[in-house]
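# Here you go, sequence then predicted model.
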Number of protein chains: 2
Amino acid sequence: MNAPPNASVGLVTPQTLHFDEPLALSCGRTLPGYDLVFETYGTLNAEASNAVLICHALSGHHHAAGYHDEGDRKPGWWDAHIGPGKSIDTERFFVVSLNNLGGCHGSTGPCSINPATGKPWGPDFPMMTVDDWVESQARLADRLGIQRFAAVVGGSLGGMQALRWSLAYPARIANALVIAATPKLTAQNIAFNEVARQAIRSDPDFHDGWYTAHRTVPRRGLKLARMVGHITYLSEVAMGSKFGRDLRSDDFNFDYGVEFQVESYLRYQGDAFSTSFDANTYLLMTKALDYFDPAASCGGDLAAALAPASCPFLVVSFTTDWRFPPARSKELVDALIRANKAVSYVNIDSPHGHDAFLLPEPRYRAVFAGFMQRIAAELEGY
Amino acid sequence: MNAPPNASVGLVTPQTLHFDEPLALSCGRTLPGYDLVFETYGTLNAEASNAVLICHALSGHHHAAGYHDEGDRKPGWWDAHIGPGKSIDTERFFVVSLNNLGGCHGSTGPCSINPATGKPWGPDFPMMTVDDWVESQARLADRLGIQRFAAVVGGSLGGMQALRWSLAYPARIANALVIAATPKLTAQNIAFNEVARQAIRSDPDFHDGWYTAHRTVPRRGLKLARMVGHITYLSEVAMGSKFGRDLRSDDFNFDYGVEFQVESYLRYQGDAFSTSFDANTYLLMTKALDYFDPAASCGGDLAAALAPASCPFLVVSFTTDWRFPPARSKELVDALIRANKAVSYVNIDSPHGHDAFLLPEPRYRAVFAGFMQRIAAELEGY
């Protein structure tokens, strides 16, 4: 909990496993053999009981902690919480972090070769759901010799995967950490996703998803999608204190160049993303968010849908998160309580909006680390 | 206040006035002669003391009430509040509603012919500010023989114009009604505007604003801009109760067609707008929003900036408006009070978000009508 700021798992190397057994998907199609790329941090104990699965969010990937080489400017995306002495203590846990199917960071996805055609899947890659991801993660666990995860952990879309694990594989998950998530998207959430999708799909360089064959990249669409996304990741107050109405130069230019700092920030974020992320993957990830709704199979009764779960839950929300506000976490907590599950819930004061789940806010770290320390202590027989 | 629902000013015909005197603009440029298109409802009294100016918002225009012809499906945009017996009672007031400069509904704007080139202004049309609009509105008042407006009224960007009137022409405005507005945009507001602008400007059919010469229309960009806008006009709760997670068909299609009702709604709104609104006008209107900040000239001290005002104010906000939330109206109200101005403030309970200012919510109508009735009674010597 009081890890030095520079505590790190150090250099890490991604691994890839190939899976031959076809995967039947929620959409009705079947994915033939596929690859999953992942990283591990820490050491699996002799009983294989100390494994923790990290599930990533919309634009995430397997590189959650440490560095790929010594020249890396930034560590993995959840380095604030994974490492020696950190919330997920790699001295005690064996951490598995994968890139989900449909991703664009090494696991089989739209950029991979479709064995049936010998060409990239592109838009023909099947639509994925959270349920499909959990299924593929369970197979990864099988291959790694992990019968039961000490914890499945995720923020945002990752939290939905942790929740799904508790329902699909109650015997294989000892604890679920559902952070900055929601049991289902609202109409407004779907609306924002739809704007992002329309931005990408209406980009003339998108070519119905066949941009690779056309040697184009729908950069404009990806940039817009990311700009919209960023507004929803940051709280209004965080944006206000970070940028306010500050101008780039001394006075207005009265043109459409950058005038306010916030414009500069958004354009930069959008541009960076548009050259590094795959458009078909982005579309597919937003759809997985839209589809997630475990209560739907129980006529909307979330408590009934949660009946299969048997593990304790930690649910965390952040006060200024307006993408998945505290009310959405409370909806989950209330349903867990109605369903007689063990749940701890914390609403963390943070000015940072949805992005707070990535950051090392002290109370968040204390809660996160405390919950994980209890798990470690039980494993270690204290 | 208890006007029959079908009370209407009936058929109205827009008028156009040409102005020869050049208009010096905030941006440093000068607009040569220009046209303003406007409508009037009701009768100007002998003292010309019962005139009410309506200022429109981002995508508004002069057609605020009544019908243009008998086949019209919809009346003007503020018909809920302008008409015989309505909030702005046309039996008592003479209402003037114009299309602002830079607009695309008849007043001089980017679609008009630039006398210097004989071609449409397009992106060469000068950037406009709220201050410029008020200046042009004052000249319109001169031509109509209106020395002093009984009230200047506006919602959203229109409310900013009413506020500016109180500062620029304190002797020419007897009352200011500032509805669902803000004394300045936040970083998040600017961010949403910037996404809309980038959507339009990155559309290959935009051609740096010269789309008319290229015989194209940046429909994709306009559609996206409107979709983003609509999300901010509706409250999360209104979107939720209107659409929820309702599907268009019985089950998921697992494709990128319309699956959720909210997607259908947004696409429809975006498509309709993209064929009816001018892109250069939209850009210019969003910039006018961004620039508005009367406190800037007083080092950010809004109360100091309000010193010139002498009229009573009615400030109205709506509980679920997250575009310009009640806190922004309260900021204005607090500054008015610090500046020793007469201000009435009402925060109306409404589920409809920013759009509530267009709707006839009963308490809103009662407050709006009550304030206007007091003005009418004073004019009429009660």
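That came through fine. Residues are numbered from 1 along each chain as shown, chains lettered A, B, ... in the order given.

# And the helices in the stretch 251-382 of chain A, which stretches?
A:261-274, A:279-291, A:302-305, A:326-338, A:362-379 (DSSP state H, counting those that start in this stretch).

# typo on my end, the stretch 1-150 of chain A
In the stretch 1-150 of chain A, helices defined by DSSP H, counting those that start in this stretch lie at A:130-144, listed in chain order.

# Can you pull up the residues of it that come close to chain B?
With the criterion set to CB under 8 Å from any CB of the partner chain, the stretch 1-150 of chain A comes near chain B through A:26-28, A:126-127. To be clear about C-beta, it is placed using only N, CA and C from the backbone, and glycine gets the same treatment.

# Throw together a PyMOL command that grabs the buried residues out of the residues you listed.
Here is the PyMOL command that selects only those of those that count as buried (16 or more other CB atoms under 10 Å in any protein chain shown):
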select buried, chain A and resi 26+27+126+127
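
# one step back: right, so of the helices of the stretch 251-382 of chain A, which gets closest to B:Gly10?
helix A:261-274 (45.2 Å; CB to CB).

# and the longest strand along chain A, what other elements does it pack with?
Identified as the longest strand of chain A according to DSSP state E is strand A:34-41. In terms of contacts (3 or more CB pairs under 8 Å, 6 or more residues apart in numbering or on different chains; DSSP states H and E), strand A:34-41 is packed against strand A:15-19, strand A:94-98, helix A:130-144.

# sorry, back to before: save the helices of the stretch 251-382 of chain A as TSV, and put in mean neighbour count, distance to A:His63 and mean pLDDT too.
Output for these, formatted as TSV (neighbours: other CB atoms under 10 Å in any protein chain shown; distance: least, CB to CB, whole Å; pLDDT from 0 to 100):
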stretch	mean neighbour count	distance to A:His63	mean pLDDT
helix A:261-274	19	16	96
helix A:279-291	24	15	98
helix A:302-305	18	33	98
helix A:326-338	19	27	98
helix A:362-379	18	20	97
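
# Can you add distance to A:Asp142 and give the ones you listed back as TSV?
Below are the helices of the stretch 251-382 of chain A laid out as TSV (distance: least, CB to CB, whole Å):
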stretch	distance to A:Asp142
helix A:261-274	34
helix A:279-291	22
helix A:302-305	26
helix A:326-338	28
helix A:362-379	20
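
# returning to that earlier point: got the buried residues for the longest strand of chain A?
Those would be A:34, A:36-41, for strand A:34-41 by 16+ other CB under 10 Å.

# CA atoms only for that strand, dumped as PDB, please.
Extracted in PDB, the C-alpha atoms of strand A:34-41 (Å, rounded to 0.1, in the frame of the first residue of the first chain):
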ATOM      1  CA  TYR A  34      -7.400 -17.800 -32.500                       C
ATOM      2  CA  ASP A  35      -4.500 -16.200 -30.600                       C
ATOM      3  CA  LEU A  36      -4.500 -14.500 -27.300                       C
ATOM      4  CA  VAL A  37      -1.600 -12.200 -26.300                       C
ATOM      5  CA  PHE A  38      -1.100 -11.600 -22.600                       C
ATOM      6  CA  GLU A  39       1.500 -10.600 -20.000                       C
ATOM      7  CA  THR A  40       2.100 -12.000 -16.600                       C
ATOM      8  CA  TYR A  41       3.600 -10.300 -13.500                       C
END
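
# Could I get the average pLDDT for that strand?
Regarding strand A:34-41, the rounded mean pLDDT is 98.

# Pull the residues that contact it.
For strand A:34-41, contacts defined as CB atoms under 8 Å, 6 or more residues apart in numbering or on different chains pick out A:9, A:12-19, A:23, A:62-66, A:76, A:82-83, A:90, A:94-99, A:101, A:105-108, A:112, A:136, A:140, A:144.

# Each with direction, which strands does that strand pair with?
Paired neighbours of strand A:34-41 in the sheet (DSSP bridges): strand A:15-19 (antiparallel), strand A:94-98 (antiparallel).

# how far off helix A:130-144 does the last one point, in degrees?
To tie it back to what came earlier, the one meant is strand A:94-98. With axes from the mean of the first three to the mean of the last three CA atoms, to 10 degrees defining the directions, strand A:94-98 sits at 130 degrees from helix A:130-144.

# okay, now the residue lying closest to A:Ser329 once chain neighbours are set aside: neighbour count?
Distances taken as CB to CB, 6 or more residues apart in numbering or on different chains place A:Ser317 nearest to A:Ser329, at 3.7 Å, with adjacent residues excluded. Number of residues near A:Ser317 (other CB atoms under 10 Å in any protein chain shown) recorded here: 28.

# what sits opposite A:Ser317 in the beta ladder?
A:Asn347.

# what about the residue positioned nearest the centre of chain A, distance to chain B?
What sits nearest the mean C-alpha location of chain A, by CA atoms, centre = their mean, is A:Ala57, with 1.5 Å. A:Ala57 sits 20 Å away from chain B, going by CB to the nearest CB, to the nearest Å.

# how about the closest residue to that residue other than its chain neighbours, what does it touch?
Nearest residue to A:Ala57, sequence neighbours excluded (CB to CB, 6+ apart): A:Ser156, at 3.9 Å. By CB under 8 Å, 6+ apart, A:Ser156 lies in contact with A:57-58, A:179-181, A:323-324, A:354, A:357.

# Now distance to A:Ser235 too, for those residues, in a markdown table please.
Shown next, in a markdown table, are the contacts of A:Ser156 (distance: CB to CB, whole Å):
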| residue | distance to A:Ser235 |
| --- | --- |
| A:Ala57 | 17 |
| A:Leu58 | 18 |
| A:Ile179 | 16 |
| A:Ala180 | 12 |
| A:Ala181 | 17 |
| A:Arg323 | 9 |
| A:Phe324 | 12 |
| A:His354 | 8 |
| A:Phe357 | 12 |
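
# Surely A:Thr16 touches A:Thr108?
No: with contact defined as CB atoms under 8 Å, A:Thr16 does not count as touching A:Thr108 (10.0 Å).

# Show me which residues of the stretch 251-382 of chain A are close to chain B?
Checking the stretch 251-382 of chain A against chain B by CB under 8 Å from any CB, the hits are A:252, A:254-256, A:259-263, A:266-267, A:270, A:283, A:287, A:290-291, A:293.

# show me what contacts whatever residue of the stretch 251-382 of chain A ends up closest to chain B?
The minimum distance from the stretch 251-382 of chain A to chain B, using CB to the nearest CB, falls at A:Phe254 (3.8 Å). Contacts for A:Phe254 (CB under 8 Å, 6+ apart) come out as B:26-28, B:126-127, B:287.
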